[in-house]
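>>> 3D model of this:
(chains A and B, ligands or ions: 2)
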Amino acid sequence: MTRPDITPRKGFLAENPSVSWFLGCLGLFTLGVTVLSQGFGPALLSTSMVKILGMTLCLCLIAVAMDVVWGYCGILSLGHFAFFGIGGYAIGMWLMYARTEGIVVESLANAPIPPTQAETRDAIATQIFGVVGSNELPALWAFAHSLPLQLVMVALVPGLLALVFGWLAFRSRVTGVYLSILTQAMTLALSLYLFQNDTGLRGNNGLSGLQNIPGLLHLPQSTIALWFFWASALALGLGYLLFAWLVSGKFGSVIRAIRDNEARVRFLGYHVESYKLLVFTLTAIVSGLAGALYYPQAGIINPAEIAPIASIYLAVWVAIGGRGRLYGAVIGAAVVSLASSWFTGGGAPDVNLGFYTINWTDWWLVLLGLGFVAVTLFFPRGISGLFDMLVRKP
Amino acid sequence: MTTLLEVSGVSVTFDGFRAINNLSIQIGEPELRAVIGPNGAGKTTFMDIVTGKTRPDEGRVIWGEKSVSLLGMSESAIARAGIGRKFQKPTVFEEQTVRENLAMALRNKRGPFDVLFHKRSRKGAARIAELAEEIGLRDHLPRRAGALSHGQKQWLEIGMLLAQDPRLLLVDEPAAGMTPAEREHTTDILKRAAKTHAVMVIEHDMEFIRRLGCKVTVLHEGAVLAEGSLDHVTQNKEVIDVYLGR
Ligand SMILES: Nc1ncnc2c1ncn2[C@@H]1O[C@H](COP(=O)(O)OP(=O)(O)OP(=O)(O)O)[C@@H](O)[C@H]1O
Ligand SMILES: [Mg+2]
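Ligands and ions are numbered 1, 2, ... in the order given. Below you'll find the model as predicted:
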């Protein structure tokens, strides 16, 4: 009398309706921003606003990656912004090199004797590295002339760093708070290293002028901003789809089991370290891609971006949005980062208490801290946990 | 019956306390074996050693017809070699459904990419349904394992052990918290498994052991005190003194 308990195989999207909902909302949002920024005569959304929204989508993407590594696999990495920054630097090198090359070639065009290739290269190096008192192109920039090669670097460098770091850490079974500290040390070391002038990445000047896209200099920034916004939306959509597929099904089941009791998973025969390494590396690569889309919109990247605090914020976004559900990470990153730029950008009016004036630029962090404490205490499942009250599961 | 696992001369010390003391045990395939002994005799620690959870200070643990040593292997490699375990305190993945727990245990490739591209098969689903029927959780497959009663979690873990289909099943106190009818069912399952597998069962319940009707090993202070049929060991003077007499 065994009841045939063979569930018909449904498609991945049919089994995970929240994915379609998310992609639908993202599509509508993209359409809305496009219409409001270009639509009728005077744009309702300024170019800088489009850039902020595009950048926010990139932050949402790294937050989704963070949710996979932390919310699903239980690895509280406090270093994923390092991968984001590396992605930004990798694309920034090409942006800076190619644009400088354009300027140099133009200015040397009228020289009586046509410049040799070496001379052009030297002129470019002087332009880029004059600020740090150098006129040689560092070895690190060997591929900077080529967009395809630097795009490979965007994925390869964060991926390799995560692979080596993760292999060393997971193999020694470093877990919990020790692993978090180790990841903080990694991002701190990277940031301090980049602050030095002789590392070949212009020290604390960072890479700048990244909003000027070589080859597209004739286009207005409003157009470029919209294109990057679209690219960011596409990346978020694809990244979300990838991770939603990853955490659904049996793989998701195993990594959640690792999060809850990794020792027990080993006794089932799963090599826990390989799973962690795969998740850590894949999310690092996606973080790198997110960074590569973010910094051309921000226009500048410097070592302060990789400061340890940035990765801590990332964890705070995910916690506030709600761990262990991808759209929670998106909500957390969008709400907190937009609120942050509103409060610290002078958008929020000061509050005059008579004896004291609350200036939000200074008090925003306090507000965020209180918000974080409140969410942890009263809504441990974050903002998106509130959806559960609407949709009751049987 | 050929020897599947051979533990010889194994000792373990915790902070100066000798939990396992020059212990030697063998089990064949197929075989059913009961392990009894007073609290703290080292029964669970013995399973910890075999499954790679605890590294012994000395001794050998030899596995299979190729006689490989399990001592250098990781927990997961030992499990993949064919040793499955049910823990004394039931440990299932409480946040996941009964079905997900069983699916994870099901005998399939364990590599991350194998699992990532794993396709749910009708065969797998049918096996899960069959196991759920066997462990009395047929109607609980979509439930969160954390919502099950203690006894049901015990059953789920037994189901996961069967799902793994290992060559050696190490079963630590399966009957704790079960009703008499459930105990009987458990002995049936274990006896059936022992027709083709090596099964080692730790239990305190003598009725349960009697129903298993198999060779019994008595552990005491980390070493084998007596071995043989239940009647044989229960007549042993030392066994009566340290275990049965109390
Ligand atoms: N990890 C450990 N650290 C320190 N001591 C331990 C550890 N594991 C076990 N022991 C000690 O080793 C001894 C044997 O424990 P074990 O759990 O193997 O006994 P047992 O025969 O399974 O007993 P029970 O019937 O109560 O389950 C006990 O005295 C226990 O306190
Ligand atoms: Mg025990």
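>>> So which bits of stretch A:195-212 are buried?
Residues of stretch A:195-212 classed as buried: A:Phe195, A:Gly200, A:Leu201, A:Arg202, A:Gly203, A:Gly206, A:Leu207, A:Ser208, A:Leu210, A:Gln211, A:Asn212 (neighbour count, 16 or more other C-beta atoms under 10 Å in any protein chain shown). Any C-beta I mention is one placed from the backbone N, CA and C, and that applies to glycine too.
>>> State the mean pLDDT of the helix or strand hosting A:Tyr178.
Element membership for A:Tyr178 (DSSP states H and E) is helix A:176-195. For helix A:176-195, mean pLDDT is 96.
>>> which residues touch whichever helix or strand comes after it?
As assigned by DSSP H and E, the chain's next helix or strand after helix A:176-195 is strand A:207-208. When contacts are defined by C-beta atoms under 8 Å, 6 or more residues apart in numbering or on different chains, strand A:207-208 is touched by residues A:Tyr89, A:Gly92, A:Met93, A:Leu95, A:Met96, A:Leu201, A:Tyr295, A:Gly299, A:Ile300, A:Ile301, A:Asn302.
>>> Going along the chain, name the strands of the stretch 51-200 of chain A.
For the stretch 51-200 of chain A, strands defined by DSSP state E, counting those that start in this stretch do not occur.
>>> Model confidence for residue 63, exactly?
As the question left the chain open, I've gone with chain A. 98.
>>> You answered for a different chain; I wanted chain B.
If you check B:Trp63, the pLDDT there is 97.
>>> can you pull out the helices in the stretch 201-350 of chain A?
Counting by DSSP state H, counting those that start in this stretch, the stretch 201-350 of chain A has these helices, from start to end: A:221-247, A:249-267, A:272-298, A:308-321, A:326-344.
>>> Spell out the residue ranges of the helices in chain B.
Applying DSSP state H to chain B gives helices spanning B:43-50, B:75-81, B:98-105, B:112-116, B:122-134, B:150-164, B:180-193, B:206-212, B:230-234, B:237-239.
>>> ok, now how distant is A:Phe267 from ligand 1?
16 Å (C-beta to the nearest ligand atom, to the nearest Å).
>>> doesn't A:Gly71 make contact with A:Arg325?
Yes: the pair A:Arg325 / A:Gly71 is scored as a contact, 7.5 Å apart, by C-beta atoms under 8 Å.
>>> neighbour count winner among these two?
The neighbour count for A:Arg325 versus A:Gly71, taken as other C-beta atoms under 10 Å in any protein chain shown, is higher for A:Gly71 (27 against 22).
>>> Excluding covalently adjacent residues, which one is nearest to the more buried one?
Nearest non-adjacent residue to A:Gly71, counting by C-beta to C-beta, 6 or more residues apart in numbering or on different chains: A:Arg323, 3.6 Å away.
>>> Please apply the same query to B:Glu184.
B:Arg211 (7.1 Å).
>>> Would you confirm that that neighbour contacts B:His185?
No: between B:Arg211 and B:His185 there is no contact under C-beta under 8 Å: 10.9 Å.
>>> can you dump the C-alpha coordinates of stretch A:14-23 into CSV?
Provided in CSV are the C-alpha atoms of stretch A:14-23 (Å, rounded to 0.1, in the frame of the first residue of the first chain):
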residue,chain,number,x,y,z
ALA,A,14,8.5,26.5,-11.2
GLU,A,15,9.9,25.1,-7.9
ASN,A,16,11.3,28.5,-6.9
PRO,A,17,8.7,31.1,-7.6
SER,A,18,10.6,33.8,-5.7
VAL,A,19,13.2,33.7,-8.5
SER,A,20,10.7,34.7,-11.1
TRP,A,21,9.2,37.3,-8.8
PHE,A,22,12.7,38.8,-8.3
LEU,A,23,13.6,38.8,-11.9
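>>> And that stretch, what's buried?
In stretch A:14-23, counting by 16+ other C-beta under 10 Å, buried: A:Asn16, A:Val19, A:Phe22, A:Leu23.
>>> show me what contacts the nearest residue to A:Arg264 once chain neighbours are set aside?
In this structure, A:Arg264 finds its nearest non-sequential neighbour in B:Thr91, 5.1 Å apart by C-beta to C-beta, 6+ apart. When contacts are counted by C-beta under 8 Å, 6+ apart, B:Thr91 touches A:Asn261, A:Arg264, B:Glu157.
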